[in-house]
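> Give me the fold of what follows.
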Amino acid sequence: MKLKKIVFDLFILSAYVGIGISYSSFYLFHLLLIVQFLFFIYTLYYERSLIDKILNEKQFKVFNLLYLVTMIWFSLSFIWAENKFYNLQYLIIISLGYSISFFIIWNVNNQKDFHRSLKVLFFGFCIEIFVSILEVITPFRWPIARFSPISEWFGEPNDLEFVLQSSPDAPSYIETSPTGFSWNPNDLSLKISLFFPFILFSDKLNNFIKYILLLTIILIVVYSGARLIYLNLIIISLLSIGVAFLSKKRNMIYQFVIIFLFLMSIMTNLFTFQKTGIKKIDELVALSRSLIGMQPFLTESYDHSGTIRKELILDGIKLLKDTHYIGAGGGNFKHYREVKRKIKDPYYMVNMHNHLLQILSEGGIFYWLFYVSFFIYILYKSFQLIFQSSIPSEIRYGIPLSLIMFIFGSAAPSSCIYFLPMYILIGVSLNYIFLYES
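Residues are numbered from 1 along each chain as shown. Next comes the predicted model:
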């Protein structure tokens, strides 16, 4: 039993790290997934009651519905998907991803197990932000990362030279852009931002450590250039003030107000809305000016990424219409960009960079409604527990707010289908809801 717990701890830690420990397309996570599967087969052989558990426990029922509907729908989409290989690749990737959710639900059987799994994830988070801060303030690079000069040693593509030559400002810009274990700055920002509400509401951390961790998250998000994630931090801070007020946690409100004002002061350059000369902060200032109507969106020369994202959104909507709203099939937005838009440049954006719109354009309107309903359901169920004082505050507030952070922040990575923390969040949320609702 102790060995099983240690293997599971290593498994979820490897899922958190993801591509950070890998060679080419084979991750440490894949190896530990095989070990988990062998443990599962062994347990199934000696404990036939496990089948009843998988079929009858509430968290398994909800997960099984999500998994089966997803697999059936994208299997059917072979009929109309233009690129069958991409559709098959999509099915394999989501099967691997949902295996994380499945094994989290299977291994976590009580609240003690649940707390242990959160501690393991928090440990991974602490190591990653330490690595990320080193990348911001020193020349150090995690070896398996987009901006690593030695990524090819680990079987990964090296586009550092391309990025450096993409604009005159690129060398100084990426010099301080962290990637952590996540390959890409946007993926890193979304991943660590999911811990933001947990830390915000933690009663166990003293205020000094809490503020250090929160400021570290903010710093990494700023230096990642992830404007959407930064905006989400502001939204979560505002929501936290409201939740703390409704929960009568008056002692926390002033802390949340300070964090909110701090975030706003960076984004607006101390509410002057003037440029600072620091490019990554000036990007946030430009966003704030756009939000209050001082300038149009997508006008700054550095906003090439935003312009392409607008193009991707329009392509996604067109693809949905072209497929009569049933979706193009898994991975076939990429096929549309490569074939219909004739984009051959390997460095040009071919993935959607918007998770919910990717689900819509590839899965169609009916699957999209089902998928969104699933997230609404777990969000609703988690909010129902928010006033249960017997649940630690960092958990009962952290999980629903983290779900909101993911839903809005999922437009930051190129594709959340590859984003393993999404599957961790699904498994953790389902466990939380059904372990605590009774």
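> so what's the residue of the chain positioned farthest from its centre scoring on pLDDT?
Distance from the centre of the chain peaks at residue 46, with 36.5 Å (CA atoms, centre = their mean). Confidence at residue 46, expressed as pLDDT, is 83.
> How about residue 298?
52.
> Could you do residue 438 as well?
63.
> Residue 175 now?
The model's pLDDT for residue 175 equals 82.
> nearest residue to it other than its sequence neighbours?
What sits nearest to residue 175 in space, not counting adjacent residues and going by CB to CB, 6 or more residues apart in numbering, is residue 139, at 7.9 Å. (Glycine included, C-beta is placed from N, CA and C.)
> Angles on the backbone of the one you found, please.
Taking degrees, to the nearest 10, you get phi -70, psi 0 for the backbone angles of residue 139.
> any idea how far residue 187 is from it?
Per CB to CB, to the nearest Å, residue 139 is found 22 Å from residue 187.
> The residue nearest to residue 175: how many residues sit nearby?
Neighbours of residue 139 under the rule other CB atoms under 10 Å: 7.
> helices or strands next to the longest helix seen in the chain in the packing?
When the chain is parsed with DSSP state H, its longest helix is helix 355-384. Helix 355-384 sits against helix 58-76, helix 304-322, helix 332-335, helix 393-409, helix 420-436, with contacts defined as 3 or more CB pairs under 8 Å, 6 or more residues apart in numbering; DSSP states H and E.
> can I get those in CSV with distance to residue 51 and mean neighbour count?
Listed next are the helices and strands packed on helix 355-384 as CSV, based on distance: least, CB to CB, whole Å; neighbours: other CB atoms under 10 Å:
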stretch, distance to residue 51, mean neighbour count
helix 58-76, 11, 16
helix 304-322, 39, 16
helix 332-335, 36, 24
helix 393-409, 29, 23
helix 420-436, 18, 23
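> Confidence-wise, which of the ones you listed is weakest overall?
The lowest average pLDDT among those, as it happens, falls on helix 304-322, at a mean of 85.
> From the chain's centroid, how far away is that one?
Distance of helix 304-322 from its chain centroid, counting by CA atoms, centre = their mean, to the nearest Å, is 21 Å.
> Also stretch 63-79?
Distance of stretch 63-79 from the chain centroid (CA atoms, centre = their mean) equals 22 Å.
> got a list of contacts for that stretch?
Residues outside stretch 63-79 that contact it (CB atoms under 8 Å, 6 or more residues apart in numbering): 54-55, 84, 87-88, 90-91, 94-95, 98, 101-102, 105, 326-327, 329-330, 363, 367, 370-371, 374, 426-427, 430.
> Also stretch 10-17?
21, 27-29, 31-33, 35-36, 100, 103-104, 117, 120-121, 123-125, 128, 181, 191, 420-421, 423-424.
> Filter those residues down to the buried ones and hand me the PyMOL line.
The buried subset of the contacts of stretch 10-17, as determined by 16 or more other CB atoms under 10 Å, is captured in PyMOL by this line:
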select buried, resi 21+27+28+29+32+33+36+100+103+104+117+120+121+124+125+128+181+191+420+421+423+424
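> what about the stretch 51-200 of the chain, any weak spots by pLDDT?
Within the stretch 51-200 of the chain, the stretches with pLDDT under 70 are 160-172.
> which residue ranges form the helices in it?
Ranges of helices in the stretch 51-200 of the chain, per DSSP state H, counting those that start in this stretch, are 58-76, 84-107, 111-137, 160-165, 170-175, 185-193, 196-200.
> Can you tell me the closest non-neighbouring residue to residue 427?
Closest residue in space to residue 427, ignoring its immediate chain neighbours: residue 104 at 3.1 Å, by CB to CB, 6+ apart.
> Count the neighbours of residue 364 for me.
Counted with other CB under 10 Å, residue 364 comes out at 21.
> Thought residue 322 was touching it, still the case?
No - with contact defined as CB atoms under 8 Å, residue 364 does not reach residue 322; the gap is 11.7 Å.
> Any stretches of the stretch 251-400 of the chain with poor pLDDT?
294-305, 342-349.
> what's residue 153 in contact with, if anything?
residue 143.
> got it, and residue 330?
Counting by CB under 8 Å, 6+ apart, residue 330 touches 74, 77, 81, 86, 87, 89, 90, 91, 94, 362, 363.
> What of residue 183?
Neighbour list for residue 183: 18, 19, 20, 144, 145, 146, 156 [criterion: CB under 8 Å, 6+ apart].
> Give the full set of residues in contact with the closest residue in space to it that isn't next to it in sequence.
Spatial nearest neighbour of residue 183, chain neighbours left out: residue 19 (5.0 Å); criterion: CB to CB, 6+ apart. Residue 19 makes contact with 27, 144, 156, 181, 182, 183, according to CB under 8 Å, 6+ apart.
> could the residues you listed go into CSV alongside distance to residue 306?
Formatted as CSV, those follow (distance: CB to CB, whole Å):
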residue, distance to residue 306
27, 31
144, 28
156, 27
181, 26
182, 21
183, 21
